[in-house]
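Provide a 3D model corresponding to the input given below.
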Amino acid sequence: MIFAQLFLMLIVILIAAEVFTNALEHLGEKLKISEGVTGSLFAAIGTALPETMVPLLAIFAGTANAHINEEIGVGAILGAPLMLATLSTCLMALAVLKKRGLHGHISPERTGLTRDLNFFLIAFSFSALALFVPHQQTAIRAGIGFILVLTYFVYIMLTLRASAHLVKEGHGTEAEGRMMLCRLGLPDHMLVILVQLGLGLGLLVAGAKGFIHGVEEASVLLGISPLLLSLLIIPIATELPEKVNSILWIRRHKDTLAFGNITGAMVFQGTLLPAIGIMLTPWEPRQEVLAGIVITILAALWVRIMVSRGQLKVWHLAVNGAMYVSYLVIVLS
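Numbering: from 1, shown residues only. Predicted coordinates for the structure are as follows:
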């Protein structure tokens, strides 16, 4: 029964992803913004917001056991960037492996991708540094949290500022085909776009929540600790299904949108949520936590180096998948 539920929720998620990406492309085209803004801000924040509630609810309104709440919160906060930097990028490579081959090129707009990765690496390095700041040093921890929040707002400003220039260079968002609701006879107006966007996001949330429930029931049978559950199972259940958007985009050769959806979510979840974790949880360098942060930074740095060399290939992203496997070996052995 559990597996039937998981399969049904995956179907809902796939349908929702089609509806959401279709509306988002039309929104970006209507607003005359770049693919980088559409992917890194609109798509990334829109799909990451539901998952953001998991650690927040765990920390502020979880169970009566504060220790378990903190473990779930920390695991969910750090597990999402880990999964995005490793498994999600690898799945994009697998999605185009047959058509492009191992040495095939992946061509996102470089300045936006570089900006995303730079901001993420800087912010997540501060998160790693905070692991070694004692919980009693509240002023230092609060200072690091403030830096992380400020980093995200600066990132938003720079991303929006770059949009107009990129549109002039031909990187504007272009919708592929008519909007789905318009095929039913509705007019191509902004209100209809927003309605379809809300419908797609609502289906994504419903599908993801149903998927989470099924995974949680399955995890009980496996006997996994709350921290490990949060680091491994929760991000896969909450983030990965909604990153189907990136797979759809990269298969349509919309590489900038595909990457922006992932790297934009990495910046969002690598700044604001760690700031909360640093200030409200012990945030200690336990093996699972420290290994996760190190591998996440290495995965993002690997892609950043390949982008700086001017050639991002399919096999480069497969390396990120290998890093995720390495993490599993470390924490499960």
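
Okay, helices next: where are they in the stretch 51-200 of the chain?
66-83, 89-100, 110-130, 138-166, 190-222 (DSSP state H, counting those that start in this stretch).

Quick check: the gap between the residue lying closest to Leu197 once chain neighbours are set aside and Ile15.
Spatial nearest neighbour of Leu197, chain neighbours left out: Ala23 (4.1 Å); criterion: C-beta to C-beta, 6 or more residues apart in numbering. From N, CA and C alone the C-beta is placed, and that goes for glycine too. Going from Ala23 to Ile15 by C-beta to C-beta, to the nearest Å gives 13 Å.

more neighbours, these two?
The neighbour comparison of Ala23 against Ile15 (other C-beta atoms under 10 Å) goes to Ala23, with 24 against 14.

most packed of the helices of the stretch 51-200 of the chain?
helix 66-83 (a mean of 25; mean count of other C-beta atoms under 10 Å).

pretty sure Val19 is in contact with Gly202, am I right?
No - between Val19 and Gly202 no contact is recorded; they are 9.5 Å apart, counting by C-beta atoms under 8 Å.

Check the gap between the closest residue to Leu232 other than its chain neighbours and Arg286 for me.
Among residues not flanking Leu232 along the chain, Gly79 sits closest, at 6.6 Å (C-beta to C-beta, 6+ apart). According to C-beta to C-beta, Gly79 stands 13 Å off from Arg286.

His103 now?
39 Å.

Those two - which one has more neighbours?
Arg286 (14 against 10).

Need phi/psi at the more buried one.
Main-chain dihedrals, Arg286, degrees, to the nearest 10: phi -70, psi 160.

for Val133, same thing?
The phi/psi pair for Val133 (degrees, to the nearest 10) is phi -90, psi 120.

what sits against it?
Listed by C-beta atoms under 8 Å, 6 or more residues apart in numbering, the contact partners of Val133 are 140-141, 144, 283.

Not counting sequence-adjacent ones, nearest residue to Ser107?
Asp255 (5.2 Å).

now Leu148
Ala275 (4.1 Å).

burial measure for that neighbour, as a count.
26.

Relative to His316, how far out is it?
Taken as C-beta to C-beta, the span from Ala275 to His316 is 30 Å.

Could you do Ile15 as well?
With C-beta to C-beta as the criterion, Ile15 and His316 are 31 Å apart.

go on, Glu25?
26 Å.

With Leu84 instead?
According to C-beta to C-beta, Leu84 stands 16 Å off from His316.

quick one, which of the two is more surrounded?
Leu84 (31 against 20).

show me what contacts that one?
For Leu84, the contact set (C-beta under 8 Å, 6+ apart) comprises 235, 239, 243, 262-263, 265-266, 269.

now swap in Tyr155 and tell me
Here Tyr155 is in contact with 115-116, 119, 267, 271 (criterion: C-beta under 8 Å, 6+ apart).

swap in Leu82?
Counted by C-beta under 8 Å, 6+ apart, Leu82 has contacts 231, 235, 292-293, 295-296, 299, 324, 327.

Next step: the residues you listed restricted to strands.
The strands in this structure, assigned by DSSP state E, contain none of these.

rewinding a little: how about the helices of the stretch 51-200 of the chain in TSV, adding distance to Trp249?
Shown next, in TSV, are the helices of the stretch 51-200 of the chain (distance: least, C-beta to C-beta, whole Å):
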stretch	distance to Trp249
helix 66-83	18
helix 89-100	9
helix 110-130	14
helix 138-166	17
helix 190-222	14
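
Since that was my last question, I'll sign off now.
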